[in-house]
Each structure stands twice: as structure tokens, then as C-alpha cells.
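*Asks:* Sharing a model prediction with you, sequence too.
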Amino acid sequence: MTMLSVAIAILPPVQSRLTGVLVVVLAVLQVPLAWAASSQREVVVEWMHALVAAVSG
């Protein structure tokens, strides 16, 4: 679990539209940040290639 996902998990309930938008933005940004961080590991790179090969047929 990344630090960003922990930060999202401990946010209080959304009280306004702006807060809801910010939570969604953080959640969306979390995905590419996690992929970028994990792409430094060889096993993850191999897994990514296998996933692309499986999806592309």
C-alpha cells in the first residue's frame, strides 16, 4: 500500500463538492505514481510485459 492510499483512507467523510473532487483527483493520481514507482523493479516489469502480451493477444 502506498503512502498516498493511506492518506486517502484516513480522510474524513466528504463534506463538500470540492473535497470530493480533490479525493477523486488524489485517487486518480495514485495509479500512475504507483506504476512509476513499481516499474523500477524487474519482476514488475516482467509482469507488465506478460500482461500486455495477454491483453494484446
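*Replies:* Received it, and whenever you're ready, just let me know what you need.
*Asks:* Counting neighbours, show which residues of stretch 41-48 come out buried.
*Replies:* Within stretch 41-48, no residue counts as buried by 16 or more other CB atoms under 10 Å. For every residue, glycine as well, the C-beta is placed using N, CA and C.
*Asks:* so is Gln15 in a helix, a strand, or just coil?
*Replies:* coil (DSSP: H, G, I helix; E, B strand; the rest coil).
*Asks:* And the pLDDT at it?
*Replies:* For Gln15, the pLDDT comes out at 80.
*Asks:* Also Ala54?
*Replies:* What the model reports for Ala54 is a pLDDT of 93.
*Asks:* What separation do you get for it and Ser16?
*Replies:* 42 Å (CB to CB, to the nearest Å).
*Asks:* in which helix or strand would I find Gly20?
*Replies:* Assigned by DSSP states H and E, Gly20 belongs to helix 17-38.
*Asks:* helices or strands up against that helix?
*Replies:* Packing partners of helix 17-38 (3 or more CB pairs under 8 Å, 6 or more residues apart in numbering; DSSP states H and E): helix 3-9.
*Asks:* Can you give me the neighbour number for Val21?
*Replies:* Using other CB atoms under 10 Å, Val21 has 11 neighbouring residues.
*Asks:* How about Val14?
*Replies:* 13.
*Asks:* and the residue lying closest to it once chain neighbours are set aside, what pLDDT?
*Replies:* Distance criterion CB to CB, 6 or more residues apart in numbering; nearest residue to Val14, sequence neighbours excluded, is Gly20 at 4.4 Å. Note on Gly20: pLDDT of 83.
*Asks:* So Gly20 sits against Ala27, correct?
*Replies:* No: in this structure Gly20 lies outside contact range of Ala27 using CB atoms under 8 Å: 10.7 Å.
*Asks:* From the chain's centroid, how far away is the host helix or strand of Ala54?
*Replies:* Ala54 is part of helix 42-56 when elements are defined by DSSP H and E. Computed by CA atoms, centre = their mean, to the nearest Å, the separation of helix 42-56 from the middle of its chain amounts to 17 Å.
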